[in-house]
Structure formats: C-alpha cells, structure tokens
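Participant: All I have is the shape, not the residue letters:
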C-alpha cells in the first residue's frame, strides 16, 4: 500500500489565488513521498509576532499543484465559497453534522491533554516529587541498556499506577454524583470537517492558464530533487538533492524557452552568483518536437571558473 492510500486524495484549498494545505498529515505526506516541501506561511499561536518559525498552512507552487492534480493525488477546493456556503446553510442536518464534528474534536483534545497531565503526575509521584531538572538527570543516569529492563516500576508501560492515572478525571460534586469534565474550547484549524466530507463533491476544475505547468519543475521533480523559491538568488528555484533540512542547495535553476534569447549578462551573473554561494547555475527548457508527442527536456549547469 502506498503512503497516500490511507489519506484518500489530498485537499488543496484555493484562497485568493493561493494554493494552501491546512492538514499537517497531508503536508508531511507531500514532503515524505512527493518531494514537495512548499512554504509555511502561518503564524505560531505561542508567538504570533515573530516571523522566523512559521506554521501551517503550507503554500504550494502553482506548478506543484498542477503536478499533484495531474497524478490524481490531490483535489483542488474553492475554499472560500465552500466554507461560507456551509456555515450559512440552513439545513439542519448539515449544521448538526458540523456540531458533532466540533464536539468530537474537543473531546479528543481534552483526552490528549488529560493523558499528558496524568503521565506527568504519575512520573513525578514515582520519583518522590522531584523537579523536572532532577528528573531529567535521573533519567540520563539510567540510560544504560543493562538497567533498562530491571525494576518492577520501570517506565515500560507495565506500571499499573501510570495506566490507572491515564483515565479521564471525574470530579465529585456535593450531591455525591460523578461528573466528567467539560471538553476544551478548540477552534479547528481547517475546514475539512465541514460537510460534505468527500472532496469529490466540492472539487473544482482548473485550466492551464490558472494553474501553470512548468516543464523544468516537473523534470527536476521526476529526478528526485526538492525545490524551494529561488528569488533570493535571482532564480526560479533553489534545487536540493534531498530534504532541505538535511542538504544545502546544489543549483539555482531558471527556465527558458527553447528559442528564447538569453542575455549574456544573465548567464555571467547567474554563474558568478551561484559559484560564490557554492552552487551551480542551472538553465533548462523543452526541446521542440514535431507533432504532439512527448517533449524532452534539456538542462545545462554553468559555473564561473575565472577571468
């Protein structure tokens, strides 16, 4: 089974002529199996004023969207009309279904928070109320393999005290009855819970003019390269041999038409800039072929050797 079979078709939201992915699992799948890392454009809730570490949604190149739609892996959604149309609907079944989704989402968040707090409390009680720094030092001192399987109350998941504490807390009230805590107030970060749940019912078509296909991008993607915007180097793409979190870029890539004239200063400037930042300057284009057959790509790498 391929990586995306468990997810169905990925949901790409079109908002103000931008193509965004709001689901973290979908963003991870694109990076892991399709060599598409995109650009994070959302703010972090903990520190929304900084712009160094960004969060979801993930913005995609138009050419990346075209490749995903062509392969049938993703569906393009007009998110604005779908979101407003569903929230303003007077259909009781649609509203009830969405409320049930929100309730389930809140209970899931409450359960995860309760489990995390219970584990913290159980670990603290096992180690005699030690502080987190003392607990970390204690854990580091017991990381040798010979002692990992010893002890009746090791952190292996077999301790009944930890297992019992994971249960959601029930608060006694003066009448003697047990009441379960209310779910958390959580605001969903995506509209995927809005009915209809199937993307087939709300998918929109795209035209070649709306979502452009750039042959050089598809060519490099088929060779296993990752790409990010290359604007800071004056190129179309920064090309990486693997995940950008592990590798430096190898090329600065720009696409030209086969019969397009290229200014010599652009070649010299791109080659010198690429060499100065330890990268090659890559240019490429489609070869013209008679008929409507497949058009092969040709790419050339330029480096500045000296005067």
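Facilitator: Alright, I've got the coordinates. These numbers were taken from a predicted model, which means no experiment stands behind them.

Participant: Walk me through the domains of the protein.
Facilitator: 92-180, 214-307 (automatic domain parsing).

Participant: among these, which gets the worst mean confidence?
Facilitator: Within those, confidence is poorest for domain 92-180, with a mean of 64 (mean pLDDT).

Participant: Break down the protein into its helices, ranges please.
Facilitator: 24-33, 62-71, 79-87, 92-126, 132-140, 160-165, 215-222, 264-276 (DSSP state H).

Participant: Does anything pack onto the last one? Which helices or strands?
Facilitator: It stands for helix 264-276. Judged by 3 or more CB pairs under 8 Å, 6 or more residues apart in numbering; DSSP states H and E, helix 264-276 is in contact with strand 251-255, strand 280-286, strand 297-302. Every C-beta, even on glycine, is put in place using the N, C-alpha and C of the backbone.

Participant: before we move on, what about the fourth one?
Facilitator: Identification of packing neighbours for helix 92-126 by 3+ CB pairs under 8 Å, 6+ apart yields helix 160-165.

Participant: How about the first one?
Facilitator: Contacting helix 24-33 under the criterion 3+ CB pairs under 8 Å, 6+ apart are the following elements: strand 10-15, strand 55-59.

Participant: which residues sit against the first one?
Facilitator: Translated: strand 10-15. Strand 10-15 is contacted by residues 4, 19-23, 26, 29-30, 57, 60, 65, 68-69, 73-80, 191-192, 199, 204 when judged by CB atoms under 8 Å, 6 or more residues apart in numbering.

Participant: in that strand, what counts as buried?
Facilitator: 10-14 (16 or more other CB atoms under 10 Å).

Participant: For residue 270, state which of these is nearest.
Facilitator: residue 12 (31.6 Å; CB to CB).

Participant: Please spell out the PyMOL selection for the buried subset of the contacts of strand 10-15.
Facilitator: Typed into PyMOL, the line below selects the buried ones among these, using 16+ other CB under 10 Å:
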select buried, resi 4+19+20+21+22+23+26+29+30+57+60+65+68+69+73+74+75+76+77+79+191+199
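
Participant: Nearest to residue 303 among the helices of the chain would be which one?
Facilitator: Comparing the helices of the chain by their distance to residue 303 (CB to CB), the top pick is helix 264-276, with 5.3 Å.

Participant: ok, so of the buried residues of strand 10-15, who is nearest residue 290?
Facilitator: Closest to residue 290, out of all of the buried residues of strand 10-15 and judged by CB to CB, is residue 12, at 35.4 Å.

Participant: if we can go back for a sec, deepest of the helices and strands packed on helix 264-276, which one?
Facilitator: Highest mean neighbour count of the helices and strands packed on helix 264-276: strand 251-255, a mean of 25 (counted as mean count of other CB atoms under 10 Å).

Participant: contact partners of it?
Facilitator: 214-217, 220, 227, 230, 233-239, 270, 273-274, 279-285, 301.

Participant: are any of those buried, and which?
Facilitator: 214-217, 220, 227, 230, 233, 235-239, 270, 273-274, 279-285, 301.

Participant: and the helices and strands packed on helix 24-33 as a markdown table, adding distance to residue 111 and mean pLDDT?
Facilitator: What follows is the helices and strands packed on helix 24-33, written out as a markdown table (distance: least, CB to CB, whole Å; pLDDT from 0 to 100):
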| stretch | distance to residue 111 | mean pLDDT |
| --- | --- | --- |
| strand 10-15 | 25 | 90 |
| strand 55-59 | 22 | 92 |
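
Participant: Distance to residue 101 for the ones you listed - can I get that in TSV?
Facilitator: Formatted as TSV, the helices and strands packed on helix 24-33 follow (distance: least, CB to CB, whole Å):
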stretch	distance to residue 101
strand 10-15	15
strand 55-59	19
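
Participant: In contact with residue 79: list those residues for me.
Facilitator: 13-15, 20, 191.

Participant: what's the farthest-apart pair in those?
Facilitator: 14 and 191 (12.2 Å).

Participant: so who does residue 259 touch?
Facilitator: residue 288.

Participant: And for residue 239?
Facilitator: 220, 225-227, 230, 249-253, 282.

Participant: May I see those residues organised as a markdown table, with distance to residue 100 added?
Facilitator: Output for these, formatted as a markdown table (distance: CB to CB, whole Å):
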| residue | distance to residue 100 |
| --- | --- |
| 220 | 45 |
| 225 | 44 |
| 226 | 40 |
| 227 | 41 |
| 230 | 46 |
| 249 | 47 |
| 250 | 50 |
| 251 | 50 |
| 252 | 51 |
| 253 | 48 |
| 282 | 52 |
